[in-house]
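> Here's my sequence, what's the structure:
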Amino acid sequence: MRRRVSSVLAAALTVTALAAAPAQARPSGQDGTATAPAPGGQPLASYWYPDTLLRWDPATDPDARFNRSFTPLRPRAADPALKANAGARAGEGRIASLVSFGPTSGNPSQGSPDSDYYAFGHWQYVDKLVFWGGSASEGLILAPNATVIDAAHRNGVKVYGNVFFPPTVYGGELRWVRDFVQKDGSRFPVADKLAEVAEYYGFDGWFINQETEGADAELATSMRDLIKYARAESPKLDFMWYDAMTEDGPVDWQNALTPANDAYLADPAPVSHSMFLNFWWTQEGLAASRDRARALGRSEYDLFTGIDTESRGYDTPVAWDALFPPGRPHVTSLGLYRPEWTWKSSSGRADFYARDSRYWVGANADPSNTETTSPWKGLASYVAESTPVTAKPFVTGFNTGQGDFYNVAGARVGTGGWNNLSLQDVLPTYRWVVSSSGTRLTPSIDFGDAYEGGSSLRLSGRLDAPNTVRLYQTRLPVAADTKLSVVVKTPRAGATNLKAAVAFTDAPTKFTTIDLGPTRGAGWERRTLNLSAHRGKTIAQIGLRASAPATVASYDVRVGQIAVYDGAVERPSPPIRPSVLGTADLTPAGKSVRLSWTPPRHGSVHHYDVYRRYPDGTRAYLGGTPNHVYFVPRLDRAGAETATTIEVEAVSAEYGRSRAARTTVTW
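Down below sits the predicted model:
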């Protein structure tokens, strides 16, 4: 007997219960009215009902500009010869992850001054991310905020907004479904708006979860027609359908691809791009689903078999062998529901990263060794890693997108907690794969120091034999002017006992090493290595090798940046005409501020850094964004100053910085 309410819905209700709309939130009422935020108030992620979406116009929505992502979706590569785990399979089952990064309402557009955040970083295993949320009391249609789009796209992961029609017992109204599929002649106006939102904000598609009871076959047909229409009008727009409403209209979870729901996948032409199968599946049902997908001319990997980890995380019982049979092709892809359990159940940041590691790579914190007595081996045991490191320049500072301070080029420019996934780097492909004939060093993301951002890579432990640390799978061609740059820091002047390690596609598991030499002091130091001797080759892996002539009892080295680029470091011209869009008073001596500027005339831009200048000439970091607008949550007046100078710098992909452009905030 099937339950009448799916656990997807139950989680959505949890999101609603946790939501606390702040004073600046935009109420998206069912009558379509909306109250604009203060000119300098907190911009928020967008959410609507079908009728309010029809009235949405980015030109009149003051928050819309702050929710835009300009980070393109990077292409990814996966070399089966370089997969960490022998049992993982490449090019078969993929992973879709349904994540609630925050409540439906009150979700900041560009991060916040709080380090307690789900800073997800295991993108190498994920193919699609659904920005989960929506509720009857707030809004049914939820667009992802820019930070998540930026981080996902930088890692080659598609991002979907969410459309949620709740059961009537939880506030759902069938008229919302009818409003959604209404037609104007041959057009579906809401579908046109879904395409407009995705294109304007820069994300890739929509997850549709229709669980409102009372529909009939006509309404179900209209839903399929809307998706087909949207695909024809907007070929770049993806749709994922949730297994709830059947072709006849009732909500009746099939937990498989069956004659009752397969028309949402193909009718007979393709309808949705993929389908998320409900959680109560069986081995027989999955095998039949695979066969049915093939019979429809679709791949079985367009089916994402759901597992609900919201309440139990890696203690969730899963029949893994039915989904990913050992030594045989995957039966379908995998749909993860609420993997942010690793954060919400944690006791702090260290506990979160430990739980997240166990969830994704297993109990040994090593994707190459997932053997454990626990039924949950880690997803790296089944799905091989992909890499977005397929073009130069490639730069990483091991910045996770959260921290307790902010460093720029090794200098402390900001204090206090923060989160901003727009600034997250591509993190290591392998966390952590270390080979040694002796004691293995312990790699970690360290939040005690950083070269750029709030974290760095730390290698520590007993060094009594050579250690090779695999970090990145890549596909980077080497030209005559290609350089490999490594920024390191040792506790004191002396030998780093560290070498850069590079493998090429002609022998992808064989590393060539280049010694980084000693440091002159205890600060950050850069080593720039010439790779011209290898021109014409393609870099397949980047790692590090630590070795010493004698045992080092307490080895401790931080790596603040690794970069591969051609020629000189690009320095863009300054941003043009920074201006203050508006301010909002927080206290008599404190404001929030909305800023805007025009991109520089020359040079590519990875992101912009924003500072405030103090009367004594020093300055402090206010934040960063790849966007051309930025929200400063709090700017405090310094003494009796009558105006505060704001400075904006453009930062290139190689982390060259422009001269500062300036504007002022008056008091």
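> Any regions of the chain where pLDDT drops low?
By pLDDT under 70, the low-scoring segments of the chain are 1-38.
> mind listing what's buried in the strand ranked longest in it?
In the chain, assigned by DSSP state E, the strand with the most residues is strand 552-566. By 16 or more other C-beta atoms under 10 Å, the buried positions in strand 552-566 come out as Val552, Tyr555, Val557, Arg558, Val559, Gly560, Gln561, Ile562, Ala563, Val564, Tyr565, Asp566. For glycine as for every other residue, the C-beta is placed from the backbone atoms N, C-alpha and C.
> Can I get the helix or strand just after it in CSV, CA atoms only?
Moving toward the C-terminus from strand 552-566, the next helix or strand (DSSP states H and E) is strand 576-587. In CSV, the C-alpha atoms belonging to strand 576-587 read as follows (Å, rounded to 0.1, in the frame of the first residue of the first chain):
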residue,chain,number,x,y,z
ILE,A,576,33.3,51.5,-15.0
ARG,A,577,31.2,54.0,-13.0
PRO,A,578,30.4,52.2,-9.7
SER,A,579,27.3,53.7,-8.2
VAL,A,580,25.0,53.4,-5.2
LEU,A,581,21.6,52.1,-6.2
GLY,A,582,20.2,52.6,-2.8
THR,A,583,20.7,52.3,1.0
ALA,A,584,18.7,51.2,4.0
ASP,A,585,19.3,52.4,7.5
LEU,A,586,20.1,49.7,10.0
THR,A,587,21.2,51.9,12.9
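> Which positions in strand 576-587 come out as buried?
So, applying 16+ other C-beta under 10 Å, buried residues of strand 576-587: Pro578, Val580, Leu581, Gly582, Thr583, Ala584.
> Dump these to CSV, plus distance to Thr442.
Compiled in CSV, these are given as follows (distance: C-beta to C-beta, whole Å):
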residue, distance to Thr442
Pro578, 44
Val580, 47
Leu581, 47
Gly582, 48
Thr583, 47
Ala584, 46
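> Wait, Thr168 touches Trp176, no?
No - using C-beta atoms under 8 Å, Thr168 makes no contact with Trp176, being 10.6 Å away.
> domains of this structure?
The chain breaks down into these domains under automatic domain parsing: 7-18+45-108+118-381, 394-566, 576-666.
> who's in contact with the helix ranked longest in the chain?
Counting by DSSP state H, the longest helix found in the chain is helix 217-233. Contacts to helix 217-233, defined as C-beta atoms under 8 Å, 6 or more residues apart in numbering, come from residues 177-178, 180-181, 183, 187-188, 190-192, 194-195, 208, 210, 237, 239, 241, 245-249, 263-264, 267, 269-272.
> Any of the residues you listed buried? List them.
177, 180-181, 188, 190-192, 194-195, 208, 210, 237, 239, 241, 245-247, 249, 263-264, 267, 270-272.
> Assign the nearest residue to Gly582 once chain neighbours are set aside to helix, strand or coil.
Nearest residue to Gly582, sequence neighbours excluded (C-beta to C-beta, 6 or more residues apart in numbering): Pro39, at 2.6 Å. The three-state label given to Pro39 by DSSP: H, G, I helix; E, B strand; the rest coil is coil.
> which is the next helix or strand following the longest helix of the chain?
Per DSSP H and E, the helix or strand that comes after helix 217-233 is strand 238-242.
> What is that following strand packed up against?
strand 128-131, strand 158-165, strand 205-210, helix 217-233, strand 274-277 (3 or more C-beta pairs under 8 Å, 6 or more residues apart in numbering; DSSP states H and E).
> circling back to that earlier point, out of the buried residues of strand 552-566, who's nearest Ala589?
Gly560 (35.5 Å; C-beta to C-beta).
> ok, the closest one to Pro388 distance?
21 Å (C-beta to C-beta, to the nearest Å).
> separation between Arg231 and Ser272?
Using C-beta to C-beta, which is the criterion applied here, Arg231 is 9 Å from Ser272.
> which neighbours do the two share?
Phe239.
> Helices along this protein, start to end?
7-18, 50-54, 146-154, 174-181, 189-201, 217-233, 283-295, 320-323, 341-344, 349-361.
> residues in contact with the fifth one?
This means helix 189-201. Contacts of helix 189-201 (C-beta under 8 Å, 6+ apart): 46, 50, 53-54, 56, 58, 64, 67-69, 141, 143-144, 146, 149, 161, 163, 179-183, 204-206, 226-227, 229-230, 233-234, 237.
> Give me the angle between it and helix 174-181.
Angle between the axes of helix 189-201 and helix 174-181 is 70 degrees (criterion: axes from the mean of the first three to the mean of the last three C-alpha atoms, to 10 degrees).
> Run the chain-centre distance for helix 189-201.
Distance of helix 189-201 from its chain centroid, counting by C-alpha atoms, centre = their mean, to the nearest Å, is 21 Å.
> anything in contact with each of Thr168 and Trp176?
Taking C-beta under 8 Å, 6+ apart as the contact rule, Thr168 and Trp176 both touch Thr212.
> Name the residue in the two with the higher neighbour count.
Trp176 (22 against 15; other C-beta atoms under 10 Å).
> Nearest to Thr663 among the buried residues of strand 576-587?
Looking across those and measuring by C-beta to C-beta, the closest to Thr663 is Pro578, at 4.1 Å.
> so that closest one makes contact with Arg594?
No - the criterion here is C-beta under 8 Å, and Pro578 misses it with Arg594 at 11.5 Å.
> and stretch 517-529, how far apart are its ends?
Stretch 517-529 stretches 11 Å from its first residue to its last (C-alpha to C-alpha, to the nearest Å).
> which of the residues in it are buried?
Thr519, Trp524, Glu525, Arg527, Leu529.
> for Thr415, which residues make a bridge with it?
Phe405 (DSSP bridges).
> tally of neighbours for Ala59?
Going by other C-beta under 10 Å, the residues that sit close to Ala59 add up to 6.
> and it, what are its phi and psi?
phi -70, psi -20 (degrees, to the nearest 10).
> ok, residues contacting stretch 257-264?
By C-beta under 8 Å, 6+ apart, stretch 257-264 touches 223-224, 227, 241, 243, 246-248, 252, 254, 265, 271-272, 275, 277, 288-289, 292-293, 296, 303.
> which of the residues you listed count as buried?
Using 16+ other C-beta under 10 Å, the buried members of those are 223-224, 227, 241, 243, 246-247, 252, 254, 265, 271-272, 275, 277, 289, 292-293, 296, 303.
> Please save the CA atoms from the longest strand of the chain in PDB.
Provided in PDB are the C-alpha atoms of strand 552-566 (Å, rounded to 0.1, in the frame of the first residue of the first chain):
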ATOM      1  CA  VAL A 552      59.900  14.600   9.300                       C
ATOM      2  CA  ALA A 553      57.900  13.800  12.500                       C
ATOM      3  CA  SER A 554      55.400  16.700  12.100                       C
ATOM      4  CA  TYR A 555      55.200  17.700   8.500                       C
ATOM      5  CA  ASP A 556      52.900  20.700   8.000                       C
ATOM      6  CA  VAL A 557      52.600  22.600   4.700                       C
ATOM      7  CA  ARG A 558      49.800  24.700   3.400                       C
ATOM      8  CA  VAL A 559      49.100  25.200  -0.300                       C
ATOM      9  CA  GLY A 560      47.200  28.400  -1.000                       C
ATOM     10  CA  GLN A 561      46.900  28.300  -4.700                       C
ATOM     11  CA  ILE A 562      47.600  26.100  -7.800                       C
ATOM     12  CA  ALA A 563      47.300  27.700 -11.200                       C
ATOM     13  CA  VAL A 564      47.900  26.600 -14.800                       C
ATOM     14  CA  TYR A 565      47.800  29.500 -17.400                       C
ATOM     15  CA  ASP A 566      49.500  30.700 -20.500                       C
END
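> Many thanks, have a good one.
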